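A.B. asks: Mind folding the following:
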Amino acid sequence: MKFIIIGLGHFGSSLAEKLSEIGNEVIGVDSNFQRVESLKEKITYTICMDATNPDIVKTLPLKDTDVVIIAIGEDKGANIMATAVMKNLNVKRLISRSIDSTHENVLSAMGVTEIANPEVETSIRWAKKLSLMNLVDSFELTSDFSIVEVKVPEAFVGKSLEQIGFRKNFNLVVLTTIREQRKESLIGINKMVKEVQGVSSPDTVLQKGEIMVVYGNNSDIKNLFRLKE
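C.D. replies: From the prediction side, this is the model:
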């Protein structure tokens with residue numbers, strides 16, 4: 001996959017390196033020349049530019065980029081401006097970093113649906129989340145076992161867990177399913193809210209747009225993703 005990361009501070013540079021290490025093409029962008037220089041040998045390409053200037057940003061290969069990540073953390077104004085520029089340029093997928101709850105509310109009001117909070121989420125977790133097709137989130141229990149949230153693939157829609165045979169065919173367990181619904185907050189901002197559907201049973205039928213919470217060995221989870229890519 002191809003990524004552009006705007007902002008090469010601690011979170012942005014760490015994420016850029018992790019994504020590069022697992023085989024992705026990463027362009028790192030920052031207005032600080034020293035940060036750009038420090039990463040030029042570690043990721044695919046680095047550029048020193050002002051990402052809040054739409055005329056300059058248009059020179060980036062946005063049409064060929066799968067994900068644009070606004071990782072600016074020390075300057076909320078620059079973060080919001082860079083996010084607005086990318087929203088107006090209609091990039092394929094936009095993720096923006098939030099600094100606090102107020103900042104997150106502003107990004108949500110701008111229509112940003114994917115918001116990263118590196119104060120509680122590691123760059124390793126985000127790299128894993130971004131690199132596997134259909135992966136929504138993940139939590140590693142040990143070095144071998146994880147619980148992951150996965151978008152229900154088209155091939156599974158309308159089928160029960162017993163019909164799919166997760167234990168028999170994939171050696172995995174579906175713990176529950178989650179539905180996302182848009183709800184209005186107390187301050188009038190529409191946000192997507194996750195609603196857990198309860199403990200799954202063999203009769204649980206997977207629906208389009210749902211998220212499965214899957215438990216199993218990391219190698220078995222990766223095999224499931226390979227079948228769906």
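A.B. asks: Domains in this structure, by residue range?
C.D. replies: 2-130, 133-228 (automatic domain parsing).
A.B. asks: so for the last one, what's the average pLDDT?
C.D. replies: The one in question is domain 133-228. Taken as a whole, domain 133-228 has a mean pLDDT of 79.
A.B. asks: cool, the first one as well?
C.D. replies: Per-residue pLDDT values across domain 2-130 average out to 88.
A.B. asks: How far away from the center of its chain is it?
C.D. replies: 12 Å (Cα atoms, centre = their mean, to the nearest Å).
A.B. asks: can you map out the strands along the protein?
C.D. replies: Assigned by DSSP state E, the strands in the chain fall at 2-6, 25-30, 45-48, 67-70, 94-97, 114-116, 135-140, 145-151, 173-184, 190-199, 211-217.
A.B. asks: okay, these in TSV with distance to residue 85 next?
C.D. replies: The C-beta positions use only the backbone N, C-alpha and C, and glycine is treated the same way. What follows is the strands of the chain, written out as TSV (distance: least, Cβ to Cβ, whole Å):
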stretch	distance to residue 85
strand 2-6	9
strand 25-30	12
strand 45-48	15
strand 67-70	9
strand 94-97	10
strand 114-116	17
strand 135-140	26
strand 145-151	28
strand 173-184	25
strand 190-199	23
strand 211-217	30
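A.B. asks: Let me know the outermost residue of this protein.
C.D. replies: residue 203 (30.4 Å; Cα atoms, centre = their mean).
A.B. asks: now that one, nearest residue through space, not along the chain?
C.D. replies: residue 160 (5.6 Å; Cβ to Cβ, 6 or more residues apart in numbering).
A.B. asks: measure that neighbour to residue 205 for me?
C.D. replies: 5 Å (Cβ to Cβ, to the nearest Å).
A.B. asks: Any buried residues in stretch 31-45, and which?
C.D. replies: Of the residues in stretch 31-45, 31, 35, 36, 39, 43, 44 count as buried by neighbour count, 16 or more other Cβ atoms under 10 Å.
A.B. asks: Go through the residues you listed and name the one nearest residue 107.
C.D. replies: Lowest distance from residue 107 to those (Cβ to Cβ) belongs to residue 31, with 20.2 Å.
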